[in-house]
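Q: Quick one, fold the following:
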Amino acid sequence: MWPERTPNKLRELTERELVEGCQREDRRCQELLYARFARRMYAVCLRYARHQLEAEDLAQEGFIRVFDKLHGFRMEGSLEGWIRRIMVHTCINQYRKKAFQNESFGLEHVPEQPVDPTAVESLGQAELMALVQALPDGYRMVFNMFAIEGYDHAEIAELIGCGESTSRSQLAKARRMLQDKITKQADPKHERKASY
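A: Prediction:
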């Protein structure tokens with residue numbers, strides 16, 4: 001999936017030169033844009049996907065949309081931020097196709113309990129990522145959009161087609177599930193104690 005090395009001269013292009021080359025449909029500039037951002041955008045998609053193959057598909061679909069929409073990029077703000085938004089929206093659109101309503105809801109107001117900071121510190125980035133990926137689709141989507149991308153509940157509700165209370169509920173449930181999983185990983189005896 002990852003691009004091969006590009007010549008040094010091409011790697012030195014500014015973002016403006018790169019975008020203008022892509023807008024002219026210069027194949028080398030398109031390859032360079034992909035090479036610059038593919039790994040980071042794959043990581044974004046991986047947060048939303050259930051597994052690596054799905055993340056690869058989402059990233060590929062996202063880059064197709066990037067190249068389709070690049071003629072509209074006005075060089076205002078960060079190119080990476082613009083590409084990232086397209087990737088997130090690609091993930092959201094894929095998720096919406098899977099029907100958000102298929103997940104069971106309820107308990108619109110779930111009290112949040114603080115996560116023990118020492119439990120989080122004991123986990124590495126890869127472990128945290130695996131825990132987030134293991135969340136049900138709806139929980140994972142809302143958690144990523146709120147906690148990582150910075151969307152508020154009104155924006156989340158509009159983007160994925162649910163009510164704000166559902167977004168809040170999904171976030172609370174996601175946090176609770178993550179807290180339970182983190183606690184169990186930090187203290188393996190916790191699971192045995194809870195079962196008595």
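Q: Break the protein into its domains for me.
A: According to automatic domain parsing, the chain comprises the domains 8-97, 102-195.
Q: which stretch in the ones you listed is the model least sure about?
A: Among the domains of the chain, domain 102-195 carries the lowest mean pLDDT, a mean of 75.
Q: now the strands for this protein?
A: Counting by DSSP state E, no segments of the chain form strands.
Q: returning to what we had before: need the domains of the chain in a markdown table with mean neighbour count, can you?
A: For every residue, glycine as well, the C-beta is placed using N, CA and C. Converted to a markdown table, these look like this (neighbours: other C-beta atoms under 10 Å):
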| stretch | mean neighbour count |
| --- | --- |
| domain 8-97 | 16 |
| domain 102-195 | 15 |
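Q: Which stretches in the protein count as helices?
A: In the chain, helices defined by DSSP state H lie at 8-11, 15-23, 27-48, 52-69, 79-97, 117-121, 125-133, 137-143, 153-160, 164-186, 189-195, listed in chain order.
Q: For L13, which non-adjacent residue is spatially closest?
A: L32 (6.6 Å; C-beta to C-beta, 6 or more residues apart in numbering).
Q: Can you tell me how far that neighbour is from E149?
A: 26 Å (C-beta to C-beta, to the nearest Å).
Q: from memory I160 sits against R140, does it?
A: No - assessed by C-beta atoms under 8 Å, I160 is found out of contact with R140, at 11.7 Å.
Q: tell me the contacts of the nearest residue to E17 once chain neighbours are set aside?
A: Closest residue to E17 apart from its sequence neighbours, by C-beta to C-beta, 6+ apart: C29 at 7.8 Å. Applying C-beta atoms under 8 Å, 6 or more residues apart in numbering, we find C29 in contact with 10, 13, 17-18, 20-22.
Q: Show me which of the residues you listed is closest to T183.
A: L18 (45.9 Å; C-beta to C-beta).
Q: Need phi/psi at E76.
A: The phi/psi pair for E76 (degrees, to the nearest 10) reads phi -110, psi 120.
Q: Please disregard the earlier target; I meant L135.
A: According to degrees, to the nearest 10, L135 has phi -70, psi 150.
Q: check contacts around it.
A: Contacts of L135 (C-beta under 8 Å, 6+ apart): 143, 174, 177-178.
Q: Show me which pair in those is furthest apart.
A: F143 and M177 (9.2 Å).
Q: Quick check on H51: phi, psi?
A: Dihedral angles of H51 (phi, psi; degrees, to the nearest 10) stand at phi -160, psi 170.
Q: Skipping its backbone neighbours, what lies nearest it in space?
A: Q133 (7.7 Å).
Q: quick one: contacts for that neighbour?
A: Going by C-beta under 8 Å, 6+ apart, the list of residues near Q133 reads 46-47, 49-51, 140.
Q: just M141 next, same as before
A: 48, 91-92, 95, 100, 160, 170.
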